[in-house]
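1. test case, fold it:
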Amino acid sequence: MPWHPMNYPPAMNHLPPPVREKAIEIANALLREGYDEGTALRIAIAKAKEWAVNHGWNPDVLT
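-> Now for the predicted structure:
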């Protein structure tokens, strides 16, 4: 099931909105590639956090 900013998994609740949006974007791309939802979710959150740190976010804000 594709996710969007108004409907996303509870595991993304703790992410700041811009990072959550990036995680949603990544997760949806992984779903299109055939990943199952659980795997897509875990990878997307990790990659979105990595993206945020690479764009100047404080890693402590992302935990």
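
2. C-alpha from now on. contacts and neighbour counts both.
-> Noted.

3. give the contact list for the residue nearest to residue 21 when sequence neighbours are not counted.
-> Leaving out its chain neighbours, the residue that sits closest to residue 21 by Cα to Cα, 6 or more residues apart in numbering is residue 5, at 6.2 Å. Residues in contact with residue 5 (Cα atoms under 8 Å, 6 or more residues apart in numbering) are 20, 21, 24.

4. now the helices for the protein?
-> 17-32, 37-54 (DSSP state H).

5. pick the most buried one from these.
-> Ranked by average neighbour count under the criterion mean count of other Cα atoms under 10 Å, those are headed by helix 17-32 at a mean of 19.

6. can you put the helices of the chain in TSV and add mean pLDDT and distance to residue 9?
-> Formatted as TSV, the helices of the chain follow (pLDDT from 0 to 100; distance: least, Cα to Cα, whole Å):
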stretch	mean pLDDT	distance to residue 9
helix 17-32	97	9
helix 37-54	96	8
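
7. so which of these comes closest to residue 11?
-> helix 37-54 (8.1 Å; Cα to Cα).

8. how far away from the center of its chain is the closest one?
-> 5 Å (Cα atoms, centre = their mean, to the nearest Å).

9. now do that helix and helix 17-32, the angle between them.
-> With axes from the mean of the first three to the mean of the last three Cα atoms, to 10 degrees applied, the angle from helix 37-54 to helix 17-32 works out at 140 degrees.

10. which helices and strands does helix 37-54 pack with?
-> Other helices and strands packing on helix 37-54, by 3 or more Cα pairs under 8 Å, 6 or more residues apart in numbering; DSSP states H and E, are helix 17-32.
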